[in-house]
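Enquirer: Dropping the sequence and predicted coords here.
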Protein chains: 2
Amino acid sequence: MSDTPESGTRSRTRRAILGAAASVLARDRGATLADIAEAAQVGRSTLHRYFPDRKVLVDAAVADSFRVVERSTAEAAIDQGPPLEAMRRLIAAMVDVGDRLAFLFGDPRVLEEAGCSEPDPFEPDPSVPTTIGLIERGQAEGVFDPELGAEWIQQVLWALVYTGWEAAEKGQLPRHGVTSTVIRTFENGVVTGKR
Amino acid sequence: MSDTPESGTRSRTRRAILGAAASVLARDRGATLADIAEAAQVGRSTLHRYFPDRKVLVDAAVADSFRVVERSTAEAAIDQGPPLEAMRRLIAAMVDVGDRLAFLFGDPRVLEEAGCSEPDPFEPDPSVPTTIGLIERGQAEGVFDPELGAEWIQQVLWALVYTGWEAAEKGQLPRHGVTSTVIRTFENGVVTGKR
DNA sequence: TGTTTTTGAGACATTGAAGTCTCATTATGG
DNA sequence: CCATAATGAGACTTCAATGTCTCAAAAACA
């Protein structure tokens, strides 16, 4: 209960470790704690000092990445304005936190999230607008394909952002082109002759 | 050099192990050799008898899955007929071998494949039509978006098939609906009002 | 049936990552 | 500048997965 706010140094170190964990694990799920410590420019002992064991670290990294992604996407204000515009802002925000997203995307527990809607430990706050909500709003307004399930569309959204991040990672796609490419593909697919 | 063709029993066992490896590893990259042996309904000692160590097994499973996928997609005859039709056949064929594809998709070495075009150990045979070839043909005929890179389109193709497989795996999508949903999304994206 | 393959159970040894601990060194903040 | 906080290096232990081997049972086959 008595919650000493934690010194500046400590919280900075903690952040470095969490960031490194997300970044390293996004690229290699089997990465070693030593790998993560090295990426965080921190001794392995220090890492263990902050996070007793691997499970604790990964859990914390997941929670932290959720916060980061949530904060980024919150700024997109996806409950405001036309769904298409909102979706574009959302995609841009997601691409901005690409490696956090890739990390979450690769975690088996997080992937299940969309399936079971009941015991969702994340985003229980009804005041935070959800992606599904945006999609359903768009479908109601006839902007998004109503014959596709909202969950499916969400999965596609994640998959495309992830693919874009990965392509940039491999140098297949320039960083600055990822967002527009993902948006274009997400909205229109790959076949020409629309509109 | 002297290549005894291997008894029927042995080749059947070998196939069971390779299939189980792909299937199990597709769902959990960190799976244990014991897990794989169990899925193959084979003793752990038998597995080691066929594949001395993990690396050999995984390599063999990758090669095997490549063959399976290639055989399935070859039947799609993607160099025949209109690109759109060919692509639909290709997608159907890929969905059919979903777990093999998911396994390959999850293997770090395979993912790099599209990046470097030179030392590609797979598909060096110019008589086998490539996915990239189909995409470029489609772009040349104005069917596929020419502003998107062919490699990007290929990545999207893989990602959507994988997402479809995963959705079916989680019960989010009925098995029989995967192919049409993937095709629809791949071709048109999620926004309505085309054509 | 009898012979040869093929297999499974289980007893090891090995390995590498995970986790624990100490202690000297470095950084931080008053 | 000093007291305290924070860190890094490294020596250990633990542990689970791996890899090796033997032997008796089961299956395939002629």
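Expert: Cool, the structure landed.

Enquirer: Please parse chain A into its domains.
Expert: A:7-52, A:64-188 (automatic domain parsing).

Enquirer: Any idea which of the ones you listed gets closest to residue B:32?
Expert: domain A:7-52 (13.0 Å; Cβ to Cβ). C-beta coordinates here come from the backbone N, C-alpha and C atoms, glycine included.

Enquirer: Which residue ranges of chain A form helices?
Expert: A:8-27, A:33-39, A:44-50, A:54-74, A:83-96, A:98-106, A:108-112, A:131-140, A:150-169, A:178-188 (DSSP state H).

Enquirer: Switch the domains of chain A over to TSV, and while doing so, append distance to residue B:110, mean pLDDT and mean neighbour count to every line.
Expert: Listed next are the domains of chain A as TSV, based on distance: least, Cβ to Cβ, whole Å; pLDDT from 0 to 100; neighbours: other Cβ atoms under 10 Å in any protein chain shown:
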stretch	distance to residue B:110	mean pLDDT	mean neighbour count
domain A:7-52	15	95	16
domain A:64-188	13	89	18
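
Enquirer: can you tell me which of those comes nearest to chain B?
Expert: domain A:64-188 (4.3 Å; Cβ to the nearest Cβ).

Enquirer: so who does the most centrally placed residue in chain A touch?
Expert: For chain A, residue A:101 is the residue whose C-alpha lies nearest the centre (Cα atoms, centre = their mean; 2.7 Å). Applying Cβ atoms under 8 Å, 6 or more residues apart in numbering or on different chains, one finds that residue A:101 lies in contact with A:65, A:69, A:94, A:158, A:161, A:162, A:165.

Enquirer: if you set the cut-off to 6 Å instead, what comes out?
Expert: Applying Cβ atoms under 6 Å, 6 or more residues apart in numbering or on different chains, we find residue A:101 in contact with residue A:94.

Enquirer: closest to residue B:14 out of the domains of chain A?
Expert: Per Cβ to Cβ, nearest to residue B:14 of these: domain A:7-52, 26.1 Å.

Enquirer: if you look at that closest one, does any of it touch DNA strand C?
Expert: Yes: Domain A:7-52 is in contact with DNA strand C by Cβ under 7 Å from any atom of the strand, via A:7, A:8, A:9, A:32, A:33, A:34, A:44, A:45, A:48, A:52.

Enquirer: Off-centre distance for that domain?
Expert: Between the centre of domain A:7-52 and the centre of its chain there are 19 Å (Cα atoms, centre = their mean, to the nearest Å).

Enquirer: Could you list the residues of chain A in contact with DNA strand D?
Expert: A:7, A:9, A:10, A:13, A:41, A:42, A:43, A:44, A:45, A:46, A:49, A:50.

Enquirer: Tell me which two of the residues you listed sit farthest apart.
Expert: Of all the pairs that the residues of chain A next to DNA strand D form, the one spanning the most space (Cβ to Cβ) is A:7 and A:44, at 21.3 Å.

Enquirer: The closest residue to residue A:84 other than its chain neighbours and residue B:190, how far apart?
Expert: Residue nearest to residue A:84 in three dimensions, not counting chain neighbours: residue A:143, with 5.5 Å by Cβ to Cβ, 6 or more residues apart in numbering or on different chains. Residue A:143 is 9 Å from residue B:190, where distance means Cβ to Cβ, to the nearest Å.

Enquirer: How about residue A:140?
Expert: On the measure of Cβ to Cβ, residue A:140 and residue B:190 end up 14 Å apart.

Enquirer: again with residue A:55
Expert: 37 Å.

Enquirer: do residue A:65 as well
Expert: 25 Å.

Enquirer: same thing with residue A:43?
Expert: 47 Å.

Enquirer: interface residues of chain A facing DNA strand C?
Expert: Close to DNA strand C, as judged by Cβ under 7 Å from any atom of the strand, chain A has residues A:7-9, A:32-34, A:44-45, A:48, A:52-55.

Enquirer: hang on, the earlier thing: tabulate the helices of chain A in JSON lines, adding columns for distance to residue B:23.
Expert: Formatted as JSON lines, those follow (distance: least, Cβ to Cβ, whole Å):
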{"stretch": "helix A:8-27", "distance to residue B:23": "24"}
{"stretch": "helix A:33-39", "distance to residue B:23": "29"}
{"stretch": "helix A:44-50", "distance to residue B:23": "35"}
{"stretch": "helix A:54-74", "distance to residue B:23": "25"}
{"stretch": "helix A:83-96", "distance to residue B:23": "31"}
{"stretch": "helix A:98-106", "distance to residue B:23": "19"}
{"stretch": "helix A:108-112", "distance to residue B:23": "16"}
{"stretch": "helix A:131-140", "distance to residue B:23": "30"}
{"stretch": "helix A:150-169", "distance to residue B:23": "21"}
{"stretch": "helix A:178-188", "distance to residue B:23": "30"}
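
Enquirer: out of those, nearest to residue B:169?
Expert: Nearest to residue B:169 among those is helix A:108-112; the distance by Cβ to Cβ comes to 9.9 Å.

Enquirer: wait, isn't residue A:26 in contact with residue A:97?
Expert: No: checked against Cβ atoms under 6 Å, the pair residue A:26 and residue A:97 is beyond contact range at 10.9 Å.

Enquirer: which residue does chain A bring closest to DNA strand C?
Expert: Residue nearest to DNA strand C within chain A: residue A:53 (2.9 Å; Cβ to the nearest atom of the strand).

Enquirer: Next one, pLDDT for that residue please.
Expert: At residue A:53, the predicted lDDT confidence score is 96.

Enquirer: For residue A:172, give me its contacts.
Expert: Going by Cβ under 6 Å, 6+ apart, residue A:172 touches residue B:151.

Enquirer: Phi and psi next, for it.
Expert: The phi and psi values for residue A:172, taken as degrees, to the nearest 10, are phi -70, psi -30.

Enquirer: Understood, closing this out.
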